[in-house]
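> Give me coordinates for this.
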Amino acid sequence: MNLLMSKLRGGIPIVAVLLVLMGAAPAKAQEAPRRHWEAGMDIYSGTRGGEASFYGGAFGGNNSLAFRFSALDETNTVPCSVGVMYEYVAFRQTGLRIMPTAGVSANRIFSCASDGDARRHASPLMHGSRLLTAGIRVPILKGSYAAGSLKVMAFTGRTDGHTAAGDARTRGVVLGAVVHAR
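This next block holds a predicted model:
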């Protein structure tokens, strides 16, 4: 096991995702999935810089699928990204105070800098990223039509550069807020 963990380099989020997905069992309240909207904001802080991400989509049962837009922390190119993200929130319909959560996202990175700004480059150093997340959601508000949660997660991922030398691994923490239909 130690050899496996040393090969994964930062494999704790990967192991946590696998444990959440393997250990999830349906409860009575989860047998009839409802489809509703969900939106949120996540702040990533990691070894390769930060990121502010906004997303919106739908959830059914424990599964959430959303479109994602983010701005990355890279000084000279103002990189933005567009992508999709999937999250599995265990025991979403049961009313638990702490819900294990695991997710994955894939993003295409482009520059938000205008051509007229001489201080900024037109192309970011990266062109894509993939992130794997694991952590918890804690419900903080519950209204008659909407509810909200805070997220605290760890992430690991890979950013793809324009050449193989530009590829990099990253890991860190995610703090987020989610608003969704009840």
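> how many neighbours does the spatially closest residue to Ile136 that is not a sequence neighbour have?
For Ile136, the nearest residue in space outside its immediate sequence neighbours is Ile98; the separation is 5.2 Å by Cβ to Cβ, 6 or more residues apart in numbering. Backbone N, C-alpha and C define where each C-beta goes, glycine included. Residues contacting Ile98 under the criterion other Cβ atoms under 10 Å number 12.
> Report pLDDT for Ile98.
Among the per-residue scores, Ile98 shows a pLDDT of 91.
> what about it, distance to Ala90?
Distance of Ile98 to Ala90, computed by Cβ to Cβ, to the nearest Å: 10 Å.
> before we move on, what about Val82?
Here the distance between Val82 and Ala90 works out to 28 Å (Cβ to Cβ).
> what do you get for Val173?
To Ala90, Val173 is 20 Å away according to Cβ to Cβ.
> With neighbour numbers in mind, choose between those two.
Counted by other Cβ under 10 Å, Val173 and Ala90 do not tie: Ala90 has more neighbours, with 21 against 14.
> Low-confidence ranges, this protein, go.
Across the chain, the stretches falling below the confidence threshold (pLDDT under 70) are 1-34, 74-77, 114-124.
> Could I get the full set of helices for it?
Read by DSSP state H, the chain holds these helices, from start to end of the chain: 2-8, 12-23.
> Gly148 reaches Arg137, doesn't it?
No: distance between Gly148 and Arg137: 10.0 Å, which falls outside the contact criterion (Cβ atoms under 8 Å).
> Quickly list what's touching both of the two.
A shared contact of Gly148 and Arg137, defined by Cβ atoms under 8 Å, 6 or more residues apart in numbering, is any residue touching both; here these are Val178.
> Compare the two (neighbour count), which wins?
Per other Cβ under 10 Å, whichever of Gly148 and Arg137 has more neighbours is Arg137, with 23 against 14.
> separation between that one and Lys151?
Plainly put, Arg137 is 5 Å away from Lys151 if you go by Cβ to Cβ.
> Just confirm Arg137 contacts Ala147, I think it does.
No: assessed by Cβ under 8 Å, Arg137 is found out of contact with Ala147, at 10.7 Å.
> give the contact list for Tyr145.
Tyr145 makes contacts with 181-182, as judged by Cβ under 8 Å, 6+ apart.
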